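[1] Compute the structure for the input listed below.
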Amino acid sequence: MAVVLAQVLLAPKVVAVTGEAIFAAVAEFGIGSGPGQVTYETRVVSDIARGPQSFTVGSDGSVYVLDSLQRRIHIAKAGAVTRTVAVPQSAYLREIHVTIDGTIWLLDNNDRILSLGSDGRPLSSSQLPKGMRAYDVLRITPDSAGPALWTRGYRQFSLGALPATVDLAETLNDKAGTFGGGIAAADGVRWSAHTEGHTIVVGAASGGSRIVVTPQTFGATAQPIGFDASGLFYISVQDAYTSGGFIRVEETIQRYKRSGERDGVARLPTESFVISPHRTAEITSDGQVYVMVPAADKLTVYRVDLGTTYRSSVARSSAAGLSQREDTARAQSIGFPLRSRRLVALRASEMNTFLWPWHLSYNFYSSGLPRPLGTAPNQTQLASDGQFIVGIPYNWGGFDSTHFSDGGWSHSDWATWQAFDGADGALNRYYPQPGPVVGNTQTDVLIGSAGIDCSGYVYAAAGYTSAEGPKKSTVHLRAAPGDPYAGWDAGAYDNVQPMNYFVANNDSHVFYYEYRYIDGSGISTLEAVAENGAPIQGAQQRSRSLRDLVVGQWQHRSWWTYDPGQTYAIPYTAPTYGCFALMGVRGEMVWYRFSTAGTTVRLTEITGGDPDLFVVADNGGVPGTVLLGSSWHVGQQDESVSLPAGNYFAYVHIYATSGGCVTWRITW
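    Down below sits the predicted model:
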């Protein structure tokens, strides 16, 4: 343990205008490698700068900040850095929690949980459960039984149980309580949470009670932070958008009552951030809000009194994605197969981390005849027989799909791997595979088609493959534009909201962005890329810079910027095959915008599941944050909300499904 002392000069209290949050600095840290300073990365890798990843506040008010690059923790109290604890055994610290007895719990990039005594003595070191990576952990959180991991699927695991085998598919299950976990409120009720587009659904592990939170955002992801002792619920909302050709992220901390009504908000000055920490906010049990701001000249931790409003850092379109016909009241039936952000992230992550052996025999049909010539993916060109490769290889025009020329193929054909949960019950297998195409000496599949491209990756992650897909023809390698197998109108029949995404304005690339950042100043992306050299090429998770991008390079799109049936197509660049990028429309939640002279909004003719109805005000084309009315029951049942004359948004949220599609008719 190394201990150094340093004095810290605090900035004066920042007073906001009426209604806005008030920020008061409680600790500041200079930039550098000296005593009491934190280090930012000066050599930026892939447009990413790294630095302090998280912080926490102890029960005595002490502020603990990770100096991740220096493998140490600074502890400040009453405006001064009182201690620095060296953690030489760590590798890029990502997360921290301090218990009431002073024990320090840490998460590092080696997928380990470390614990230190209050004096800095190492106490324990455990690997994360099998299959879990450091970026799967949202935070270390307090629990009645001791510190626990809270995963991105918002499941909770006791640190005392590590190491253990955990099925991450189970951690992402959306039924609260099925696999235990959740975060405890002051009344002892345990809650789990997950995001569904613009909505956070929080459910009591014991069943019955739910909170549905809808932040007022343009195209955001939202993450729970936790409850305070009074039962108020705090979330972090990251809103990504483009402005002047730059990708920006605006983050707000928002507090909600259990009714779903927003009770407080503060916007973080993300325009000042020079890195993107793993976690920027902390909530104490007594409801104190703290945020960490890593600016170029110093890192500051503020105590924040939430306000009732905030000024956005960008002018937004107030009616994004609302077509003219959505302004007109009408009866409409909606049906879609349920997809969720959690499952998309899981599928994409599995593609990124899939480990498989390459064999030279894969360049030949089962008969021994060589496959038609083509350009093999970089990974396979360089691989020796039996070598293990990480990630699905990239190749333009290659993707996992379902082809029905004979009306009955239920597995991938020319693709390199089989869909997760496919009809044949297989996972991620490289070709040759059983079936009428792969292994068939009469096919004309190119070696070069063995791989997955950017849009194919999006298709596969969204579940539009094999048994999970809509069973419609996709892109055929020998079809020309306009032919029956030349493409498919994504979303024409299936209103899907897999995740938000960015697309290159020259229509050359598309990728999802993940919940958070992977290891620095960037949006964490899930994508398949064509960069030269393994392991860079292929399916992977990485970061993209939030600033200094080519002007106009990327366009942010979110699920509600598309109408049902609208597609985004990457143009054909070869005569023999092409690809379409699946751009989801909606899923698990459907919005309606309408005006009424005073009537009752009704959900009727419900089949396939349990939809609920919620109504908020139409504030100039933007959904309001105050819930005006709701109707929900456990089980399939008609729902209705009576309203006075006015302009409204109604949204239908799917709480449960009996499998497949959920349909209903909405009238007002």
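
[2] Mind listing the strands the strand or helix carrying Val81 pairs with, and their directions?
    Assessed by DSSP states H and E, Val81 sits inside strand 80-86. Neighbouring strands of strand 80-86 in its sheet, by DSSP bridges, are strand 6-7 (antiparallel), strand 72-77 (antiparallel).

[3] which strands and helices sit next to the helix or strand that the shortest one is followed by?
    Toward the C-terminal end, the helix or strand that comes next after strand 6-7 (DSSP H and E) is strand 22-30. In terms of contacts (3 or more C-beta pairs under 8 Å, 6 or more residues apart in numbering; DSSP states H and E), strand 22-30 is packed against strand 63-67, strand 72-77, strand 298-305. All C-beta atoms are positioned from the backbone trio N, CA, C, and that covers glycine.

[4] Mind doing that once more with 6 Å?
    strand 298-305 (3 or more C-beta pairs under 6 Å, 6 or more residues apart in numbering; DSSP states H and E).

[5] what's the angle between the strand it packs on and strand 63-67?
    Going by axes from the mean of the first three to the mean of the last three C-alpha atoms, to 10 degrees, strand 298-305 is angled at 150 degrees with respect to strand 63-67.

[6] what comes into contact with strand 298-305?
    Contacts to strand 298-305, defined as C-beta atoms under 6 Å, 6 or more residues apart in numbering, come from residues 21-30, 38, 63, 266, 289-293.

[7] now do stretch 72-80
    In contact with stretch 72-80 (C-beta under 6 Å, 6+ apart) are residues 7-8, 10, 27, 62-67, 81-86.

[8] What average pLDDT does that stretch get?
    Along stretch 72-80, the predicted local confidence has a mean pLDDT of 92.

[9] got it, and stretch 632-650?
    The average pLDDT within stretch 632-650 is 85.

[10] Nearest residue to Thr600 in space, ignoring adjacent ones along the chain?
    Leaving out its chain neighbours, the residue that sits closest to Thr600 by C-beta to C-beta, 6 or more residues apart in numbering is Ser642, at 4.7 Å.

[11] Return the list of helices and strands in contact with the helix or strand containing that neighbour.
    In this assignment (DSSP H and E), Ser642 forms part of strand 639-643. With contacts defined as 3+ C-beta pairs under 6 Å, 6+ apart, the secondary structure elements packing on strand 639-643 are strand 599-607, strand 609-619, strand 622-631.

[12] Which strands border the shortest one, and is each parallel or antiparallel?
    When you say that, I think you mean strand 599-607. According to DSSP bridges, strand 599-607 has the following sheet partners: strand 639-643 (antiparallel), strand 661-667 (antiparallel).

[13] I figured Gln238 hits Glu251, correct?
    Yes: in this structure, Gln238 sits in contact with Glu251. The criterion is C-beta atoms under 6 Å, and the distance is 5.0 Å.

[14] How many neighbouring residues does Glu527 have?
    Burial of Glu527 is recorded as 26 neighbouring residues (other C-beta atoms under 10 Å).

[15] what's the answer for Glu605, then?
    A count of nearby residues for Glu605, using other C-beta under 10 Å, gives 13.

[16] so what pLDDT did it get?
    At Glu605 the predicted local distance difference test score is 84.

[17] so it makes contact with Thr667?
    No: in this structure Glu605 lies outside contact range of Thr667 using C-beta under 6 Å: 9.8 Å.

[18] Show me what Tyr651 is bridged to.
    If you apply DSSP bridges, the partners that Tyr651 bridges to are Trp591, Phe614.

[19] Hmm, I typed the wrong one, I wanted Gly609.
    When assigned by DSSP bridges, Gly609 has beta-bridge partners Thr657.

[20] and the closest residue to Ile140 other than its chain neighbours, how many residues sit next to it?
    If you skip the residues right next to it in sequence, Ile140 has His97 as its closest partner in space, 3.8 Å away by C-beta to C-beta, 6+ apart. Neighbourhood size, His97 [other C-beta under 10 Å]: 23.

[21] which residues touch His97?
    His97 sits next to Thr56, Trp105, Ile140, Pro147 when contact means C-beta under 6 Å, 6+ apart.

[22] go on, Val529?
    Residues in contact with Val529 (C-beta under 6 Å, 6+ apart): none are found.

[23] I figured Ile104 was touching Glu95, is that so?
    No: taking C-beta under 6 Å as the contact criterion, Ile104 and Glu95 are not neighbours in contact, 11.2 Å apart.

[24] Could you tell me the least trusted of the helices and strands packed on strand 639-643?
    When the helices and strands packed on strand 639-643 are compared by mean pLDDT, strand 622-631 comes last with a mean of 72.

[25] beta partners for Val301?
    With DSSP bridges applied, Val301 shows beta-bridge pairing to Ala27, Met292.

[26] Would you mind measuring from it to Leu355?
    The gap separating Val301 from Leu355 is 40 Å, by C-beta to C-beta, to the nearest Å.

[27] of those two, who's got more company?
    Counted by other C-beta under 10 Å, Val301 and Leu355 do not tie: Val301 has more neighbours, with 21 against 9.

[28] Report the separation between that one and Asp108.
    Look at Val301 and Asp108: by C-beta to C-beta, they are 21 Å apart.

[29] Kindly report the same for Val81.
    Counting by C-beta to C-beta, the gap between Val81 and Asp108 amounts to 22 Å.

[30] Repeat that for Val616.
    Using C-beta to C-beta, we find Val616 at a distance of 42 Å from Asp108.

[31] and if you look at Ala281?
    If you go by C-beta to C-beta, the gap between Ala281 and Asp108 works out to 21 Å.

[32] quick check: domain ranges of this structure?
    According to the domain assignment given by automatic domain parsing, the chain is divided into the following structural domains: 6-305, 588-667.

[33] Pull stretch 600-619 out as CSV, backbone CA atoms only.
    Once side chains and other backbone atoms are set aside, the C-alpha atoms of stretch 600-619 remain, and they are given as CSV (Å, rounded to 0.1, in the frame of the first residue of the first chain):
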residue,chain,number,x,y,z
THR,A,600,-61.8,6.5,-23.9
VAL,A,601,-58.7,4.9,-25.4
ARG,A,602,-59.2,1.2,-25.6
LEU,A,603,-57.1,-1.9,-26.2
THR,A,604,-59.3,-4.8,-27.5
GLU,A,605,-59.1,-8.0,-29.5
ILE,A,606,-55.9,-8.9,-27.7
THR,A,607,-54.1,-12.2,-28.6
GLY,A,608,-50.8,-13.7,-27.8
GLY,A,609,-49.8,-11.9,-24.6
ASP,A,610,-50.4,-9.2,-22.0
PRO,A,611,-50.2,-5.6,-23.4
ASP,A,612,-50.6,-2.6,-21.0
LEU,A,613,-51.8,0.9,-21.9
PHE,A,614,-50.2,4.2,-20.7
VAL,A,615,-51.0,7.8,-21.7
VAL,A,616,-48.9,10.9,-21.5
ALA,A,617,-49.3,14.5,-22.8
ASP,A,618,-48.3,15.5,-26.3
ASN,A,619,-45.9,18.4,-25.6
